[in-house]
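Student: Need the 3D shape of this:
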Amino acid sequence: MRIFEIEKPKTPEQLRLDQLRVTSKRASDALKAERHRQKAQRAQQALQKLRMPTKAKNSTIKTIKTV
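Tutor: Model (predicted):
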């Protein structure tokens, strides 16, 4: 006998639980992918900020006069 011939068909409750597990796994994977996408986007933005020429920061800082 083959394995699929021995297994009984699943009950509607079992099928519903299986479907909920699959849906939960799909949502979990989508969440991980979105977090990864946002992390990569933040890293790209940080690299762009580093590559852009900026004005010298010394010109914006005023010296403190001591008396």
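Student: Show me where the protein has its helices.
Tutor: 3-6, 12-51 (DSSP state H).
Student: The ones you listed: which one's closest to T66?
Tutor: Closest to T66 of these is helix 12-51 (C-beta to C-beta; 34.6 Å). No exception for glycine: its C-beta is placed from N, CA and C like everyone else's.
Student: quick check: mean pLDDT across that closest one?
Tutor: Confidence for helix 12-51, expressed as mean pLDDT, is 96.
Student: For that helix, name the packing helices and strands.
Tutor: Helix 12-51 is packed against no helix or strand, with contacts defined by 3 or more C-beta pairs under 8 Å, 6 or more residues apart in numbering; DSSP states H and E.
Student: center of the chain - which residue?
Tutor: When C-alpha atoms, centre = their mean is applied to the chain, the residue found nearest the centroid is R35 (1.2 Å).
Student: for it, what are its contacts?
Tutor: Listed by C-beta atoms under 8 Å, 6 or more residues apart in numbering, R35 has no contact partners.
Student: L47 and K39, how far apart?
Tutor: Distance of L47 to K39, computed by C-beta to C-beta, to the nearest Å: 13 Å.
Student: shared neighbours, the two?
Tutor: By C-beta under 8 Å, 6+ apart, no residue touches both L47 and K39.
Student: ok, D18 to D29 distance?
Tutor: Counting by C-beta to C-beta, the gap from D18 to D29 is 17 Å.
Student: Could you look over the helices of the chain and pick the most buried one?
Tutor: Burial of the helices of the chain is given as mean neighbour count (mean count of other C-beta atoms under 10 Å); helix 12-51 ranks first at a mean of 10.
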